[in-house]
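Participant: my questions are about this predicted structure, shown below with the sequence.
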Amino acid sequence: MSSTGRAWLVAATVGAVEALKDQGFCRWNYALRLIQQRAKTDLRSYIQAKKLSSAVTSTTKRQQQKSKQSEESLRKVMYLSCWGPNS
C-alpha cells in the first residue's frame, strides 16, 4: 500500500472515530459497562444470599434433628418408667 493510501486510511479511521464520538457511541459504551458492573454486583449478592440461605437451612435441619432426638429420648424414658420392669 502506498503512503498516500495509508494516509487516507488513517484519516478515514480518525474520522470514523470522531463521528462515533459525536453520535454518542462512547456514552453507550459507558452505559453498557455500567449495566455489566451492576449485573456482576447483583450476581454476587444473589450467590451470597444463596450461601447464607443454605447455611440457615442446614442449621435449622440440625436443630430439628436435635429436637427429634430429645423427644425420642423423653418418650423412651416415659415408656420405661411406666411399663419397664419393676424393681
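Facilitator: Now that the structure is in, tell me what you want to look at.
Participant: mind listing what's buried in the strand or helix carrying Leu9?
Facilitator: Assigned by DSSP states H and E, Leu9 belongs to helix 3-22. Within helix 3-22, no residue qualifies as buried by neighbour count (16 or more other C-beta atoms under 10 Å). Placement of C-beta: from N, CA and C, glycine included.
Participant: any idea of the mean pLDDT in that helix?
Facilitator: For helix 3-22, the mean pLDDT works out to 79.
Participant: could you dump it to CSV, C-alpha only?
Facilitator: Coordinates of each C-alpha in helix 3-22 appear next as CSV, following Å, rounded to 0.1, in the frame of the first residue of the first chain:
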residue,chain,number,x,y,z
SER,A,3,2.0,6.1,1.6
THR,A,4,-1.0,8.1,0.2
GLY,A,5,-3.3,5.1,0.6
ARG,A,6,-2.1,4.7,4.2
ALA,A,7,-2.7,8.4,4.9
TRP,A,8,-6.2,8.1,3.6
LEU,A,9,-6.8,5.0,5.7
VAL,A,10,-5.6,6.8,8.8
ALA,A,11,-7.7,9.9,8.0
ALA,A,12,-10.8,7.7,7.4
THR,A,13,-10.2,5.8,10.7
VAL,A,14,-9.8,9.1,12.7
GLY,A,15,-12.9,10.5,11.0
ALA,A,16,-14.9,7.4,11.9
VAL,A,17,-13.8,7.5,15.5
GLU,A,18,-14.7,11.2,15.7
ALA,A,19,-18.1,10.5,14.1
LEU,A,20,-18.8,7.8,16.6
LYS,A,21,-17.9,10.1,19.5
ASP,A,22,-20.3,12.8,18.1
